[in-house]
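K.L.:
turn this into a model:
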Amino acid sequence: MAQKYGAKLDSSFTVKVEDFRARLKDYQAKEKEMGDLEKKTVQKELASLEQDINQYQKNGNTLMGLKRDELMRPLYKKLSNVIAEVSKANGYTQILTTTGNQFAYLDPKFDITDLVIKKLGITVPKPTKQ
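P.N.:
Purely as a prediction, here's the structure:
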């Protein structure tokens, strides 16, 4: 679903970029023959198109993030429910997460990752020794 959505956004973006490149190439080919007023007009159009492309790209990144969040929401809810079930079943009152550059001490005996994975029915392959 996200791939189709991304492909649609990419397709529209590609059309905009190709149009900009074609107009820029045409301008470069005809620039020497143009008068100052015509040059300024075309340069403004090209600058406007470039701004439009940049804004479209920014908006596309935002829209993809929103679509990803929308599609991941059911997984997050399921994961949250399983963590709550495992926590209650094992008598935990708090569960901490560590992400990014945050550091936290975690006694391995309190790590519920394997319990959550098991409850979700996921099999994690054992690491192979090299």
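
K.L.:
for the lengthiest helix in the chain, name the packing helices and strands.
P.N.:
Assignment by DSSP state H gives helix 36-89 as the longest helix of the chain. Where contact means 3 or more Cβ pairs under 8 Å, 6 or more residues apart in numbering; DSSP states H and E, helix 36-89 is packed against helix 2-30, helix 113-120. Every C-beta, even on glycine, is put in place using the N, C-alpha and C of the backbone.

K.L.:
mean neighbour count, the ones you listed: which tops it?
P.N.:
Among these, ranked by average contacts under mean count of other Cβ atoms under 10 Å, first place goes to helix 113-120 (a mean of 14).

K.L.:
tell me, what residue is most central in the protein?
P.N.:
By Cα atoms, centre = their mean, the chain has its centre lying nearest to Gly65, at 4.5 Å.

K.L.:
and that one, what's its pLDDT?
P.N.:
pLDDT for Gly65: 87.

K.L.:
now the helices and strands packed on helix 36-89 in CSV, with mean pLDDT and distance to Gly60?
P.N.:
Formatted as CSV, the helices and strands packed on helix 36-89 follow (pLDDT from 0 to 100; distance: least, Cβ to Cβ, whole Å):
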stretch, mean pLDDT, distance to Gly60
helix 2-30, 85, 5
helix 113-120, 86, 32
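
K.L.:
nearest to Lys78, of these?
P.N.:
helix 113-120 (7.6 Å; Cβ to Cβ).

K.L.:
can I get the CA coordinates of that closest one in PDB?
P.N.:
The C-alpha trace of helix 113-120 is given here as PDB (Å, rounded to 0.1, in the frame of the first residue of the first chain):
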ATOM      1  CA  THR A 113      11.500  -8.500  24.700                       C
ATOM      2  CA  ASP A 114      11.600 -12.300  24.400                       C
ATOM      3  CA  LEU A 115       8.200 -12.700  26.100                       C
ATOM      4  CA  VAL A 116       6.600 -10.100  23.800                       C
ATOM      5  CA  ILE A 117       8.100 -11.800  20.700                       C
ATOM      6  CA  LYS A 118       6.800 -15.200  21.900                       C
ATOM      7  CA  LYS A 119       3.300 -13.800  22.600                       C
ATOM      8  CA  LEU A 120       3.300 -12.300  19.100                       C
END
